[in-house]
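Novice: my questions are about this predicted structure, shown below with the sequence.
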Number of protein chains: 4
Amino acid sequence: MKSTLTTATLMISCPDQRGLVAKIANFIYSNGGNIIHADQHTDFNTGLFLTRVEWQLDGFNLSREEIAPAFEDFSVNLKAKWKIHFSDRPFRMAIWVSKQDHCLLDLLWRYSAKELNVNIPLIISNHLDLKYIADQFSIDYYHFSINQRNKIQQETQQLDLLRKYKIDLVVLAKYMQILSFDFIRQFDQVINIHHSFLPAFVGANAYHKAYERGVKIIGATAHYVTENLDAGPIIEQDIVGISHRDNVEDLIYKGKDLERVVLARAVRLHSQNRVLVYDNRTVVFK
Amino acid sequence: MKSTLTTATLMISCPDQRGLVAKIANFIYSNGGNIIHADQHTDFNTGLFLTRVEWQLDGFNLSREEIAPAFEDFSVNLKAKWKIHFSDRPFRMAIWVSKQDHCLLDLLWRYSAKELNVNIPLIISNHLDLKYIADQFSIDYYHFSINQRNKIQQETQQLDLLRKYKIDLVVLAKYMQILSFDFIRQFDQVINIHHSFLPAFVGANAYHKAYERGVKIIGATAHYVTENLDAGPIIEQDIVGISHRDNVEDLIYKGKDLERVVLARAVRLHSQNRVLVYDNRTVVFK
Amino acid sequence: MKSTLTTATLMISCPDQRGLVAKIANFIYSNGGNIIHADQHTDFNTGLFLTRVEWQLDGFNLSREEIAPAFEDFSVNLKAKWKIHFSDRPFRMAIWVSKQDHCLLDLLWRYSAKELNVNIPLIISNHLDLKYIADQFSIDYYHFSINQRNKIQQETQQLDLLRKYKIDLVVLAKYMQILSFDFIRQFDQVINIHHSFLPAFVGANAYHKAYERGVKIIGATAHYVTENLDAGPIIEQDIVGISHRDNVEDLIYKGKDLERVVLARAVRLHSQNRVLVYDNRTVVFK
Amino acid sequence: MKSTLTTATLMISCPDQRGLVAKIANFIYSNGGNIIHADQHTDFNTGLFLTRVEWQLDGFNLSREEIAPAFEDFSVNLKAKWKIHFSDRPFRMAIWVSKQDHCLLDLLWRYSAKELNVNIPLIISNHLDLKYIADQFSIDYYHFSINQRNKIQQETQQLDLLRKYKIDLVVLAKYMQILSFDFIRQFDQVINIHHSFLPAFVGANAYHKAYERGVKIIGATAHYVTENLDAGPIIEQDIVGISHRDNVEDLIYKGKDLERVVLARAVRLHSQNRVLVYDNRTVVFK
């Protein structure tokens, strides 16, 4: 059985140097921590060392509040970027949708089934179609109609909502709008599901384009959103075979199953602090 | 057990109309043929009916020479494109290679193991590296060094060789040259293996591009060659998962396994007359 | 686009003989039918010919009521088993569950999204846990507590309910009881989802057994229920990779995603009359 | 680019205790080693800690000969099982075959292409059919006809050969004989490829059994050989979809492609010291 005790997880990236595995493990061990997961990766192209260490808080000599300053002191010479999470502090997640319900429902089922270590207090949409689902799950639902003129203004209010609800993570679950550069600069923890095997078929109508091209396999891609459309760091991809018998509607049907499972896997990985971004790519510590 | 009797296979595409399945089946049946495979597809977008019918020649009332004219008479009002093949007349196939041996060796092993219904009398290369393999298998090997100035001239000789060896099918098994438009117009039965999940990563250095983009899955695509680079009708695709631990060399390693199996499947399907091309896409009657 | 006109579908199995494809196509064509899908398979081991033919009712010379008698007359010498379905007469389906909700929710969501050509008027369970879901979807829910003594008696009432609700198809969506031989003899259109790659790990605790064995892949299998436990004709299987990091709970988590998609695919195939059973196996006309 | 410097790899399993990651990393670091890969797994069921650590020998303070005694001293209180390998000391591997060539050829191609960190000085067979391949690759080939009476006697000579050739690893590449308990007790580093998705279809005729059962997916499994037939620790598995159109010969054809790639992956993982066995299961540090 997996331990159900509360754990702390450190995710670190820094220039590679000798002894990093030992030093970081010592930091935990010398403070009485029991490491239950340690994984690391060295990218020899960029000279970066990336690691994830998870240990039980039970018996650890530092209080939660003391860990960050202590690690800051410890790592001062490492030039490290790092963050720490505690397993009993679930991510606060907002789901953004338009009219399609499959990804939203899938995430909410998993949320109900406690498959995701998140809280979901907020759903935002540019339509009212799915409000009834938010009501079923007793989640606040905000509607912002979006057009070319009001987009920036609406985003300002949307950002206010994210702050008000203390949102850590936005999941675009078939939200059929592109977020502005400015939005992403202010809030960059955004996961999107794209209905193709990126980088094939960027942008709208990916299934139509896939049909046109006559591919034999279609895919879905979950990625972090950046300023460049469908070009952010990829977290998870999967595919399904198709044949000449499948028309565009069949692709959409088969794709929906892909989209929801690929998005759910990405959200779950993120919620478990298993995804480290660097250089427009991800290390996924599975 | 599958029948090992000689069969004839008709592949037909024509504008859809009522009764085509019955009419074509009747053509076979009324001449005493025993159909062992019949499959059809209607593309409602283009209004095309496409079919593959295979029947045993044993007991068929028409001789091989009579079938084509008889079907021509029969189909005169169908505006059909069609071709006929006999299972005891294997395709005559030429393999074109550069320096990499994995696809060549794989095809030759399958050829030896009688997995492909082909004869392979000819290997063409722009290098001499793989000549020793051709020698092992007692297959004629022609070397044409290619550069920008001599390409068209060399292609003229290559086309002469295809004619001389009565080649039906050219397989580019990691031939790192692009055939000219003119070549393709003169000889269009060419299968290529591309080292990506098309249409992602068209052109050279697909694995490097895949690594750069940080994808979590890589693919390979077998397609017919057309005038547009890597844009011809796709026959077969497959993928393999990768992770952050895989660098470009790992992608190349994993990709080689994909390339050889995807190319072999496409060649086998073609050699069994299971691939019908229309509108830059394929119907694969499996 | 696929035709949305009403179609009739014939599924036929009979001893193989010359001309069957032509004869059956002629039966449709001579009555003015436009075939939109025809597929056939010959099993050379058993000497059986199996086919599925679908045609548009629009313009067909026979009324619905006339088709069956006409085909009966036509096929009298074929020793055929056959059945006919009309696309505007959805299957009436009952879902049987115990306490787990994932397959039920998945089927009901697809039902709402019109992905399955079925009506679902009835849910049966040996527990009350999921009644609230039935209520949400306004579907009748019957609770039968089951123990070794009352099982046969309860099955009698369950069969009465199937008759009362005119049920064509029972789907065991994680119903953790084994139906008696007698039940299956009286009602044999039952699809079950088994949480393993059959025939591995028959019976209960398949994930625990998979963990014990140390497999690297787990699976799920949708099959028709017969008198032999987990040994009926397989409709659909799929798998997912696991690693040493996955304990039993992880297998259960990953398996749930498999179970629901494999069961949904099987139900969809059945609801489209694409599954033909013979000799404890299936032909799936995709 | 991956480092091409010589590395040492330690594989360790021991009862879990606090500080193991730190202690082991310190052992390397305090001796001047640069860790390039460290992965660990804790099995909470058995209370075992399992780890793989790889570091560059360049700059390491201990000579090769000193490392093992030093680690023995270091680990005396850990009750650890461990072994050490150096990347410039390839495994010495013997391939055992019967009459089928596909796995043998595949391994030899990869060997030629330097995909496997092994030397292959020896091929053993109970038939003479594949001797010509050994000759092509200039590998010694020994023929032992096997029957019920001479099996133990022949195994004695086979074991002598393994010793004479200093073989570390035996790969059964479609060797259609079962090794005796006694053989395995004397030499237990044996990888076998089984032509099914174990534990389904143990023993002979797996494809026939799969066909009989009417499965929709077939598999292959590479595992270490133990005293129990097809029940040893699984290293790698993979699958391929089949349909009703595939008869036993088709299963065999499709299965061959699986067998060779699954076996090759297992051999490669073993040759990179990525597989740790405990409790009849494997940890595969990828």
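Specialist: All right, it came through fine.
Novice: from here on, just use CA atoms for contacts and neighbour counts.
Specialist: OK.
Novice: and chain A, what are its domains?
Specialist: Following automatic domain parsing, one finds the domains of chain A at A:7-86, A:91-284.
Novice: I'd like the ones you listed written out as JSON lines, with distance to residue D:189 added.
Specialist: Compiled in JSON lines, the domains of chain A are given as follows (distance: least, CA to CA, whole Å):
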{"stretch": "domain A:7-86", "distance to residue D:189": "28"}
{"stretch": "domain A:91-284", "distance to residue D:189": "33"}
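Novice: what about the residue of the stretch 1-150 of chain A found nearest chain B, neighbour count?
Specialist: Going by CA to the nearest CA, chain B is nearest to residue A:41 of the stretch 1-150 of chain A, at 7.1 Å. Around residue A:41 there are 21 other residues, counting by other CA atoms under 10 Å in any protein chain shown.
Novice: before we move on, the earlier item: of all the domains of chain A, which one is nearest residue B:117?
Specialist: Closest of these to residue B:117 is domain A:91-284, at 23.5 Å (criterion: CA to CA).
Novice: rounded mean pLDDT for the lengthiest helix in chain A, please.
Specialist: Taking DSSP state H as the criterion, chain A has its longest helix at helix A:248-271. The pLDDT scores in helix A:248-271 average 97.
Novice: following that helix in sequence, what is the next regular element?
Specialist: Going down the chain from helix A:248-271, the next helix or strand is strand A:275-278, by DSSP states H and E.
Novice: for the next helix-or-strand element following that following strand, packing partners?
Specialist: For strand A:275-278, the following helix or strand on the C-terminal side (DSSP H and E) is strand A:281-284. If you count contacts as 3 or more CA pairs under 8 Å, 6 or more residues apart in numbering or on different chains; DSSP states H and E, strand A:281-284 packs onto strand A:234-241, strand A:275-278.
Novice: what's the burial count for residue A:66?
Specialist: 10.
Novice: for it, give me phi and psi.
Specialist: Per-residue torsions, residue A:66: phi -80, psi -20 (degrees, to the nearest 10).
Novice: next one: it from residue D:126, what distance?
Specialist: Going from residue A:66 to residue D:126 by CA to CA, to the nearest Å gives 68 Å.
Novice: so how far is chain D from residue A:263?
Specialist: To chain D, residue A:263 is 24 Å away according to CA to the nearest CA, to the nearest Å.
Novice: tell me who's in contact with that residue.
Specialist: Residues near residue A:263 by CA atoms under 8 Å, 6 or more residues apart in numbering or on different chains: A:103, A:173, A:192-193, A:221-222, A:236.
Novice: any idea which of those residues is closest to chain D?
Specialist: residue A:236 (17.8 Å).
Novice: wait, doesn't that closest one sit right on residue A:224?
Specialist: No. Between residue A:236 and residue A:224 there is no contact, the gap being 10.2 Å when judged by CA atoms under 8 Å.
Novice: pLDDT wise, what is the residue in chain A positioned nearest to chain B at?
Specialist: Closest contact between chain A and chain B, by CA to the nearest CA, is at residue A:200 (4.6 Å). Model confidence at residue A:200, given as pLDDT, is 96.
Novice: what is the burial count for it?
Specialist: With other CA under 10 Å as criterion, residue A:200 counts 20.
Novice: likewise the one 3 residues further on?
Specialist: By other CA under 10 Å, the residues close to residue A:203 number 15.
Novice: now swap in residue A:144 and tell me
Specialist: Residue A:144 has 17 nearby residues by other CA under 10 Å.
Novice: pretty sure it sits against residue A:150.
Specialist: No. Between residue A:144 and residue A:150 there is no contact under CA under 8 Å: 9.6 Å.
Novice: what's the local residue count around residue A:123?
Specialist: Applying other CA under 10 Å, we find 22 other residues in the vicinity of residue A:123.
Novice: which other helices and strands does the helix or strand hosting it contact?
Specialist: For residue A:123, the host element (DSSP H and E) is strand A:118-125. Counting by 3+ CA pairs under 8 Å, 6+ apart, the packing neighbours recorded for strand A:118-125 are strand A:91-97, helix A:102-112, strand A:140-143.
Novice: could you pull up the residues touching the residue nearest to residue A:54 when sequence neighbours are not counted?
Specialist: Here the nearest residue to residue A:54 in space, its sequence neighbours aside, is residue A:9; by CA to CA, 6 or more residues apart in numbering or on different chains that works out to 4.2 Å. Listed by CA under 8 Å, 6+ apart, the contact set of residue A:9 reads A:52-55, A:84-87, A:273.
Novice: again, 10 Å this time
Specialist: Counting by CA atoms under 10 Å, 6 or more residues apart in numbering or on different chains, residue A:9 makes contact with A:35-38, A:52-57, A:83-87, A:272-274.
Novice: for the stretch 51-200 of chain A, give me the ranges with low pLDDT.
Specialist: Applying pLDDT under 70 to the stretch 51-200 of chain A flags no residue at all.
Novice: what does it put close to chain B?
Specialist: A:197-200 (CA under 10 Å from any CA of the partner chain).
Novice: looks like residue A:85 contacts residue A:56 (just checking).
Specialist: No. Shown here, residue A:85 and residue A:56 do not form a contact pair, counting by CA atoms under 10 Å, at 11.9 Å.
Novice: neighbour-wise, which of those two wins?
Specialist: Comparing residue A:85 with residue A:56 by neighbour count (other CA under 10 Å), the higher total belongs to residue A:56, at 22 against 18.
Novice: leaving out the residues flanking it, which one is nearest to that one?
Specialist: residue A:7 (4.3 Å).
Novice: that neighbour and residue B:237: what is the separation?
Specialist: 43 Å.
Novice: neighbour-wise, which of the two wins?
Specialist: Using other CA under 10 Å as the criterion, residue A:7 and residue B:237 rank with residue B:237 on top: 26 against 20.
Novice: now the strands for the stretch 101-250 of chain A?
Specialist: Assigned strands in the stretch 101-250 of chain A, in chain order: A:118-125, A:140-143, A:169-172, A:190-194, A:217-224, A:234-241 (criterion: DSSP state E, counting those that start in this stretch).
Novice: list the buried residues in the fifth one.
Specialist: Pointing back at strand A:217-224 there. Neighbour counts over strand A:217-224 (16 or more other CA atoms under 10 Å in any protein chain shown) mark A:217-224 as buried.
Novice: before we move on, what about the second one?
Specialist: Along strand A:140-143, the positions that meet the burial threshold by neighbour count (16+ other CA under 10 Å) are A:141-143.
Novice: can you give the contact residues for it?
Specialist: Counting by CA under 10 Å, 6+ apart, A:94-98, A:120-135, A:158, A:161 sit against strand A:140-143.
Novice: give me that answer again for 8 Å
Specialist: With CA under 8 Å, 6+ apart, strand A:140-143 has contacts from A:121-128, A:131, A:134-135.
Novice: ok, so of the residues you listed, who is nearest chain D?
Specialist: residue A:121 (34.4 Å).
Novice: pretty sure the closest one contacts residue A:165?
Specialist: Yes. Between residue A:121 and residue A:165 a contact is recorded at 7.2 Å, counting by CA under 8 Å.
Novice: who has more neighbours, the two?
Specialist: residue A:121 (18 against 15).
Novice: great, nothing more from me.
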